[in-house]
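1. Let's see this in three dimensions:
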Amino acid sequence: MPTQRELIAQLPAPDTGALLENERKKVSFQPEKLQEILWGGADKIATRAKYAKLFDPAVNPVFDASKDLFLSRQEYFRKCVARFYESYRIVRDNADLLAEHSPMHGGGWLSIGSLSNNSSGLGGDHFGLFVGTLLTQSTMEQIREWVPRATKMQIIGCYAQTELGHGSNVRGIETTATFDQATDSFIINSPTLTSLKWWPGALGVCCTHAIIYARLILKGKDYGYHAFMVPLRDEKHQPRPGVIVGDLGPKFGYNYNDSGYCGFRNVRIPRFNMLAKYQSVSKDGEYNKPPRGLSKIGYITMTRTRVAIVRGAGFALARACTIGARYNLVRTQGFKDNKSGTENTILDYQLQAHRILSQLALAYALNFAASDLNRILADFNKKLTAGDSAEAAAALPELHATSAGLKAITTDIAAQGIEEVRKCCGGQGFAMSGGIAKLLLDYTPNVTFEGDRHPMSLQASRYLIQALGSARSGKPVAPAVDYLGGQNQWGDKTCNAKSIADFVSGGEGGRVWVEGFTHAARNAVLIAAQAVENDTQRGKSYNEAWSANQFVLYRACYNHCMLTILRSFLSAVTRITDDSVRKVLYNVCGLFACSQMQAGRVGEWAGYLSASQCRMLDGAVSELLVLLRPQTIGLVDSFGFADINLRSQIGCYDGKVYERIVNWALDSELNDPAYQQSIWKDYLSKHLDAKYLSKL
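-> Below is the predicted model of the structure:
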């Protein structure tokens, strides 16, 4: 009797691969050229392709993730740890790859996660957060003590700041580090249940050490939070005396990471273990302050992490769009007419095209904004490394505000976008085999960790209100907020677009789009500032007024970030030398801009757009969808995602979706005949009518 797989193999499948190939013939530009722009040049693409071979599951089976979704959490976590160590071995044994991957050894642009199925959080938590913090906040003596061991994986660390009762409010953390002058040591304590460190990645199972943020107590005085290097587990990987440590359990997503908890009962560490590059404690218990302007340098690890998260937002949404677009280009639904029997490609439906292509435009916008943010961070790092503390201190507020604002807005955009693309794939978006559902589960925590979007947006808003005050008093402001130096009243400017074509083209240099976004951003900041000022004049304290106007303050951050993203997008497009690529990407920018303007007809935009212009915007979006529809496959191919990275049965490059969907289903553990027989024997057979079934 033929097996299930043999029976299915007899069924002919439609040639969906040919559909994608036909789509690629319609593209008016070379995706390879756009891919070079996204990845920084042909040399980097070649380097990435060269090293990707080292992580090919066909060569190295440890990276085979095809059965991951059928594993228990313990089995999955074990595989992820194995992949991390194999990735570590590959990087360690290839000096050129190390130079491209590690900021300590070279460019640091090449993510190992983009090459492999290494989903373990160990890489980011240990090397990114733990080692990164040691390098930026430790003295040279401390670096010599810990960093060589950490880079050789002789110790494993994490970054433990968040507590069970305090997240974004770092100043509210409860863990204490009390200096004991008699023993020249700090005593680390968790005074309450809510002071337990909660959520750090790699803490649950793997870490031997943690950088703990605790309140520094000297001679009874609280000096606020500081960073301390604290050993957690001994040579047999058992908790050290007084240390409470473990794993949090299953989560909504991100379960390849052993997010954990830890607490302390009178745990002593040497005075040497306080990270002391910028501030220190002497043997007699005296506090040495950080340089002026760098009192908040402890935020730098989180700031750098937020920059990386912004970068990840664009690529996560791009992954979803790649899967969704490819599937929507091979999936047919609804007959074109009653005679031919030919069905429509679902991306040819205008609503479906708008859902997919507007998210694709956002993915490009977020990627270019992240590139500019990376440049701001690189400039700050140069100043800090050069020892120019005054210049670094001056740049820190803008870097913090921009990274906090963009982190808040881009992660929310990406999470909502991934969900929208998932829904565009119908039932296959619901199935884990599609890849988008798993991506959504694993990406969504980005909205919350390293700063929930609402507190982060309000931090950016505080900077905007302060910048408005500086602009009003004639003081210079950063280029990112130069728009605040213009009009000080809102609602007195209107859009000068006269036709649908004006919105489609954006005018010279995207002037129509920029003026609109600038108007909305300026309005939002002015409205928020006025609201806070009005409440203080009514007798509320500044903090009370701030709390009472969080909605409009959030809008200020949102509109500022949208303007920042648009500026980055346009700047990137103007630098493109290939005419065909620039033309298509300019239209993508136009779809991003017009879609945002289309959605922003109230609030900060009120009065700026007339009723007729709102109708023009609808027409402009429709025209841009028509222009971009033939370019869709080229735009997603340009991201350069290999099938191994997409982990999707419906988003593969060759377009053969139905064969992959069915073969994946056949591998389900519930299809094991022995397992099915056990269910029948233990439960079903006791109720089924065997006599009746035997006659069928």
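
2. low pLDDT regions in the chain?
-> Along the chain, segments meeting pLDDT under 70 span 102-109, 117-120, 293-299, 338, 389, 486-492, 601-602.

3. where exactly do the strands run in it?
-> Listed in chain order, the strands of the chain (DSSP state E) span residues 157-160, 176-180, 185-189, 197-198, 209-218, 221-231, 243-247, 260-264, 267-270, 280-281, 287-288, 332-335, 343-345.

4. can you tell me which of these comes nearest to Phe70?
-> Proximity of the strands of the chain to Phe70 was assessed by Cβ to Cβ; the nearest stretch is strand 243-247, lying at 21.6 Å. Heads up, the C-betas are built off the backbone N, CA and C, glycines and all.

5. What are the buried residues along that closest one?
-> Of the residues in strand 243-247, those with enough neighbours to count as buried (16 or more other Cβ atoms under 10 Å) are 243, 245, 247.

6. So which elements touch it?
-> Strand 243-247 is packed against strand 260-264, with contacts defined by 3 or more Cβ pairs under 8 Å, 6 or more residues apart in numbering; DSSP states H and E.

7. what sits up against the strand it packs on?
-> Applying Cβ atoms under 8 Å, 6 or more residues apart in numbering, the contact partners of strand 260-264 are 158, 160, 164, 175, 188-190, 195-205, 207, 210, 212, 230, 232, 242-248.

8. hmm, back to that, just so I know, which of the strands of the chain lies nearest Gly253?
-> Taking Cβ to Cβ, strand 243-247 is the member of the strands of the chain nearest to Gly253, at 15.6 Å.

9. partner strands of the closest one, parallel or antiparallel?
-> strand 260-264 (antiparallel) (DSSP bridges).

10. where's stretch 377-393 relative to the chain centroid, distance-wise?
-> Per Cα atoms, centre = their mean, to the nearest Å, the displacement of stretch 377-393 from the mean C-alpha position of its chain is 25 Å.

11. From start to finish, how long is it in a straight line?
-> For stretch 377-393, the first-to-last residue distance is 13 Å (Cα to Cα, to the nearest Å).

12. Next, count neighbours for Thr410.
-> Burial measure for Thr410: 32 neighbouring residues, criterion other Cβ atoms under 10 Å.

13. tell me the contacts of the nearest residue to it once chain neighbours are set aside?
-> On the basis of Cβ to Cβ, 6 or more residues apart in numbering, the spatially nearest residue to Thr410 that is not a chain neighbour turns out to be Ala313, at 4.0 Å. Going by Cβ under 8 Å, 6+ apart, Ala313 touches 366, 370, 410-411, 413-414, 446.

14. Out of those, which is nearest to Ser505?
-> Within the contacts of Ala313, distances to Ser505 taken as Cβ to Cβ reach their minimum at Leu366, with 23.2 Å.

15. ok, that closest one to Thr574 distance?
-> Distance, Leu366 to Thr574, using Cβ to Cβ, to the nearest Å: 18 Å.

16. Looking at the two, which has the bigger crowd around it?
-> For Leu366 and Thr574, the more surrounded residue by other Cβ under 10 Å is Leu366, and the numbers stand at 30 against 11.

17. Excluding chain neighbours, what is closest to Thr462?
-> Not Thr; residue 462 is Arg. Spatial nearest neighbour of Arg462, excluding adjacent residues (Cβ to Cβ, 6+ apart): Ala401 at 7.7 Å.

18. so that neighbour touches Ile465, yeah?
-> No: the pair formed by Ala401 and Ile465 falls short of the contact definition of Cβ atoms under 8 Å, at 10.7 Å.

19. When the two are compared, which one has more neighbours?
-> When Ala401 and Ile465 are compared for neighbours, Ala401 comes out ahead with 25 against 17, by other Cβ under 10 Å.

20. Please give me every residue in contact with the more buried one.
-> Residues in contact with Ala401 (Cβ under 8 Å, 6+ apart) are 459-460, 462-464.

21. and which of those is nearest to Leu351?
-> For the contacts of Ala401, with Leu351 as the reference and Cβ to Cβ as the criterion, the closest is Ala460, at 33.6 Å.

22. ok, the closest one - how many residues close by?
-> Neighbour count of Ala460, defined by other Cβ under 10 Å: 25.

23. now swap in Asp682 and tell me
-> Counted with other Cβ under 10 Å, the neighbours of Asp682 add up to 9.

24. again, but for Thr176
-> Residues lying near Thr176 (other Cβ under 10 Å) number 18.

25. What of Glu508?
-> Around Glu508 there are 7 residues (other Cβ under 10 Å).

26. Then Ser505?
-> When counting by other Cβ under 10 Å, one arrives at 18 neighbours for Ser505.
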